[in-house]
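Asker: Just to be clear, the model below is a prediction. Sequence and coordinates:
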Amino acid sequence: MAQFGGGPPRARGPAKTAAPFDITGYWVSLITEDWRFRMFTAPKGDFQGVPLNQAGTKEGNTWDLAKDSNNNCKAYGAAGLMRMVSRFHITWQDDNTLKVESDAGMQTRLLHFDGTVPANTPPSLQGYSVATWERQLGRSRGGQGQPGAGDSRGGDLKIVTTNLLAGYLRTNGAPYSDKTSVTEYWDLLKDDDGSQYLLVKTLVNDPVYLTQDMITSTHMRKQADAKGWDPTPCVAK
């Protein structure tokens with residue numbers, strides 16, 4: 001694609017009508033990666049799989065479960081929320097804003113398709129997320145990205161989140177700083193039996209505590225209804 005002028009074309013028009021696929025509804029986490037870190041709070045200092053630098057390791061080792069309040073939401077920020085064992089309810093707040101609610105921690109993310117972060121936006125747990133529909137190029141005889149290939153109905157949702165407060169990448173205090181940015185790519189997958197899955201690829205960039213981007217792939221299955229939806233406040237455990 002770089003040979004012919006940049007990345008995938010972006011969808012035009014209101015985000016709701018330009019969407020290449022529908023991700024609204026209820027979704028439930030599938031624990032296909034990092035089971036022992038997501039289902040349980042890892043022991044203090046167990047940061048396997050997190051590319052912490054020396055400063056990050058030092059900061060993580062200050063974590064003390066006994067001192068974390070029962071309403072500690074630092075592990076539920078945008079850099080870690082989608083990895084939580086949770087259900088998610090996705091709806092359109094308006095034609096250009098997707099709302100993502102989690103029952104774990106009772107968090108709400110807003111994905112803005114306006115393309116800019118408003119001036120003087122204060123930092124927050126979920127930060128400010130700028131979303132873009134990216135359409136895949138259709139396949140021609142020469143292959144994807146070759147001249148003559150047109151738009152297809154496929155694509156992904158790209159999300160870039162900044163303006164974050166510091167938080168945890170895992171519930172055992174693996175830290176990320178307020179300089180962190182999070183880039184996500186959401187893809188809809190469909191099985192032959194009609195089941196739908198959401199694949200969330202996440203790249204966490206933190207120049208303060210990480211030696212390189214932390215990259216994860218998170219899977220969810222779409223539910224037919226709100227069965228099991230049980231909003232629960234943040235808790236350190």
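Answerer: All right, it came through fine. Given the structure is predicted, the values throughout are model-derived calculations rather than measurements.
Asker: which other helices and strands contact whatever helix or strand Q136 lives in?
Answerer: When elements are assigned from DSSP states H and E, Q136 belongs to strand 128-137. Here strand 128-137 touches helix 15-18, strand 108-112, strand 151-162, going by 3 or more Cβ pairs under 8 Å, 6 or more residues apart in numbering; DSSP states H and E. Using the backbone N, CA and C atoms, a C-beta is placed for each residue, glycine as well.
Asker: can I get the ones you listed in CSV with mean neighbour count and mean pLDDT?
Answerer: Converted to CSV, the helices and strands packed on strand 128-137 look like this (neighbours: other Cβ atoms under 10 Å; pLDDT from 0 to 100):
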stretch, mean neighbour count, mean pLDDT
helix 15-18, 16, 96
strand 108-112, 18, 98
strand 151-162, 18, 80
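Asker: Between the ones you listed, which one is closest to T32.
Answerer: Of all the helices and strands packed on strand 128-137, strand 151-162 sits nearest to T32, with 18.9 Å by Cβ to Cβ.
Asker: Can you name the element that comes right after that closest one?
Answerer: Following strand 151-162 in sequence order, the next helix or strand is strand 167-168 (DSSP H and E).
Asker: quick one: buried residues of the longest helix along the chain?
Answerer: Ordering each helix of the chain by length in residues (DSSP state H) puts helix 54-60 first. For helix 54-60, the buried set under the neighbour-count rule, 16 or more other Cβ atoms under 10 Å, comprises G56, E59, G60.
Asker: quick one: which of the residues you listed is nearest N96?
Answerer: Using Cβ to Cβ, the buried residues of helix 54-60 come closest to N96 at G56, 35.8 Å.
Asker: show me where the protein has strands.
Answerer: Here the chain has its strands, by DSSP state E, at 25-30, 87-94, 97-102, 104-105, 108-112, 128-137, 151-162, 167-168, 175-176, 181-190, 196-205, 214-223, 232-233.
Asker: Can you give the strand pairings for the last one, parallel or anti for each?
Answerer: Pointing back at strand 232-233 there. strand 104-105 (parallel) (DSSP bridges).
Asker: Kindly report the same for the fifth one.
Answerer: In the sheet containing strand 108-112, the strands it pairs with under DSSP bridges are strand 97-102 (antiparallel), strand 128-137 (parallel).
Asker: give me the beta-bridge partners of L111?
Answerer: Going by DSSP bridges, L111 forms beta bridges with L98, S129.
Asker: Identify the residue nearest G167 in space, chain neighbours excluded?
Answerer: The shortest distance from G167 to any non-neighbouring residue, by Cβ to Cβ, 6 or more residues apart in numbering, is to G77 (3.5 Å).
Asker: re the thing from before, closest to D191 out of the strands paired with strand 108-112?
Answerer: strand 128-137 (19.5 Å).
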